[in-house]
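Asker: Need coordinates for the following:
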Amino acid sequence: MFENLKALPPDAILRLIAEHQNDPRESKVDLGVGVYRDEHGRTPVLDAVKKAEQRLVDGQSTKAYLGSGGDPLFNNAMQALMFGSGAAGSERIATIQTPGGSGSLRVAAGLILRARPDVSVWTSEPTWANHVPLLGGAGVTLRSYPYYDEAARTIRFPEMLDTLNTIPAGDIVLLHGCCHNPTGMDLDTAEWQEVADVIASRQLLPFIDLAYQGFANGLEEDAFPLRLFFERVPEMIVSSSCSKNFGIYRDRVGSLALIARDAPATAVVRSQVFNIVRTMYSMPPDHGAAVVATILTDAALRAEWLAELAAMRNRLRETRELFCAALRGKAPEHDFSHIERGKGMFSFLGVSAAQVQRLKGEFGVYMVDSSRINVAGITRGNVEYLAESIAAVL
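Answerer: Got it, this is the predicted structure:
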C-alpha cells in the first residue's frame, strides 16, 4: 500500500525552524516561528499557569474520560470570556472544548459541510496559511475577499466592503477577530460596524477566528467584534485558541462557539457537533483546559494572569516601536510605519522573496518568503543588527 504514496515537501515554517536551529552563527535571528517570546528570546510558562498546574496536581482525583464537549467549567468560562459574563448561560450559544484553535476550525468545517455542503467560506486575502488546509482540505469551498494592499501597506477596506456586498446570502465570511495573521492590520470600531451592517443586511454568516484575544488592545476590547455580531445576526461561528494568551501552545487548548437562533436550534447544533467530535478524536485532552478553567474561575489567579497578559501585549507594542525607530535610523528613505500601526505578533516586513533569501543567507535573519515576521523575535539585543541587515538588502 505505502509504495503508492509520494513524499510531500516539508511545511515551510517547520523547514525554517530546522534551518535556523542548524545555523551556527551567534547573530542569527528567528522571525518565523509563530510563538510569543520574551526579551530573552524565551517562551516562558506563565506564573499563573504554574500555580494552576500545581493545584491540579495536588487536587485532581481522576483521569477518567471527558465527554465529547470537554470540560463544562472551561466551556462556561470561555463563553463568558468571549461574549461577556451576561452571555455565559445564553441558550443561543453552544461552546465546546477543542484540541487548539486548529481543532476548532476543523470541527467547524465538518459542521459546515453537514449543514450546507454547497456553501462558500470567504477568507481575507491574505489569511493565515493553515486556514486553507484546515477548511479547504476538509472539503469546504474557499473564496477570498480583498484585505491587504501590499504596496500601500494598508487595509483595502473599500474593496473589502464592495466584495462583501456581492457575496450570496447564506455564504460564510471568515474574519480575524484581532491581530490579523499575517498582516497585523486590524479593522477599527467604525469599520467593524460597517462590516456588521453588510453581513446582517445580506444574511451572511460570520465565522470569527479569535486566536489572540488580549494581545491587541485588551480582553474586553478584542472581544468587540464577537459581541457586536452576537447582537446583530442570528447565527455565528467562533473558533478560539488559548495557545497565545495563556502561553500553553503544546497543551492544545481551544474552543468552538456556535450561535444559533434559539434554544431548540442550539440543541440541534450541539448534537451534530458532538457527533462530529466523536467520529474525529472522541474527546479533547484535559490538562490545559483544566488549567485555563482554574485561572479564569479564581480571582487571584485571574488577576495574576491578566497582569502577565498585559506585559506580553505591552512588550509587543513597545517592540514594534523600537524596531521602527531602528529602521528609521538605518534606512531613513524607507517607510516601515505600518509595522508600528499593527497589532499582535505578526506583520509583513514588505520586502521581496529574493531579499528574504539574502537576509537568511548573508545575515542569518529567518522569515517566510512572504516576509511575514513575528515581532516577538525582536529584542533590544538584536534590533540594531536586524535593522542593519534589512537596510543592507533594500
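Asker: how far away is the closest residue to Val351 other than its chain neighbours from Trp192?
Answerer: Leaving aside its chain neighbours, Val351 sits nearest to Ser371 (4.9 Å; criterion: CB to CB, 6 or more residues apart in numbering). Every residue, glycine included, has its C-beta placed from N, CA and C. Distance, Ser371 to Trp192, by CB to CB, to the nearest Å: 27 Å.
Asker: Could you pull out the strands in the chain for me?
Answerer: Secondary structure of the chain by DSSP state E: the strands cover 29-30, 93-98, 120-125, 141-146, 148-149, 154-155, 172-176, 205-210, 236-241, 254-259, 346-348, 365-366, 372-374.
Asker: closest one to Ala293 among those?
Answerer: strand 93-98 (9.3 Å; CB to CB).
Asker: Tabulate the strands of the chain (JSON lines), appending distance to Arg358, mean pLDDT and mean neighbour count.
Answerer: Shown next, in JSON lines, are those (distance: least, CB to CB, whole Å; pLDDT from 0 to 100; neighbours: other CB atoms under 10 Å):
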{"stretch": "strand 29-30", "distance to Arg358": "14", "mean pLDDT": "95", "mean neighbour count": "24"}
{"stretch": "strand 93-98", "distance to Arg358": "40", "mean pLDDT": "97", "mean neighbour count": "27"}
{"stretch": "strand 120-125", "distance to Arg358": "27", "mean pLDDT": "98", "mean neighbour count": "20"}
{"stretch": "strand 141-146", "distance to Arg358": "30", "mean pLDDT": "98", "mean neighbour count": "16"}
{"stretch": "strand 148-149", "distance to Arg358": "24", "mean pLDDT": "98", "mean neighbour count": "18"}
{"stretch": "strand 154-155", "distance to Arg358": "26", "mean pLDDT": "97", "mean neighbour count": "16"}
{"stretch": "strand 172-176", "distance to Arg358": "30", "mean pLDDT": "98", "mean neighbour count": "25"}
{"stretch": "strand 205-210", "distance to Arg358": "33", "mean pLDDT": "98", "mean neighbour count": "24"}
{"stretch": "strand 236-241", "distance to Arg358": "34", "mean pLDDT": "98", "mean neighbour count": "25"}
{"stretch": "strand 254-259", "distance to Arg358": "37", "mean pLDDT": "98", "mean neighbour count": "26"}
{"stretch": "strand 346-348", "distance to Arg358": "17", "mean pLDDT": "97", "mean neighbour count": "24"}
{"stretch": "strand 365-366", "distance to Arg358": "9", "mean pLDDT": "96", "mean neighbour count": "24"}
{"stretch": "strand 372-374", "distance to Arg358": "15", "mean pLDDT": "96", "mean neighbour count": "25"}
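Asker: Distance to Phe336 for the ones you listed - can I get that in TSV?
Answerer: Formatted as TSV, the strands of the chain follow (distance: least, CB to CB, whole Å):
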stretch	distance to Phe336
strand 29-30	16
strand 93-98	37
strand 120-125	22
strand 141-146	23
strand 148-149	15
strand 154-155	13
strand 172-176	22
strand 205-210	26
strand 236-241	28
strand 254-259	33
strand 346-348	9
strand 365-366	15
strand 372-374	11
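Asker: Test my guess that the residue nearest to Val351 contacts Val356.
Answerer: Yes - if you go by CB atoms under 8 Å, Ser371 and Val356 touch, sitting 5.6 Å apart.
Asker: residues contacting the residue nearest to Ser282 when sequence neighbours are not counted?
Answerer: Leaving aside its chain neighbours, Ser282 sits nearest to Ser68 (6.8 Å; criterion: CB to CB, 6+ apart). Residues near Ser68 by CB atoms under 8 Å, 6 or more residues apart in numbering: 96, 274, 277-278, 282-283.
Asker: If we use 10 Å, what do you get?
Answerer: For Ser68, the contacting residues are 96-97, 270, 273-284, by CB atoms under 10 Å, 6 or more residues apart in numbering.
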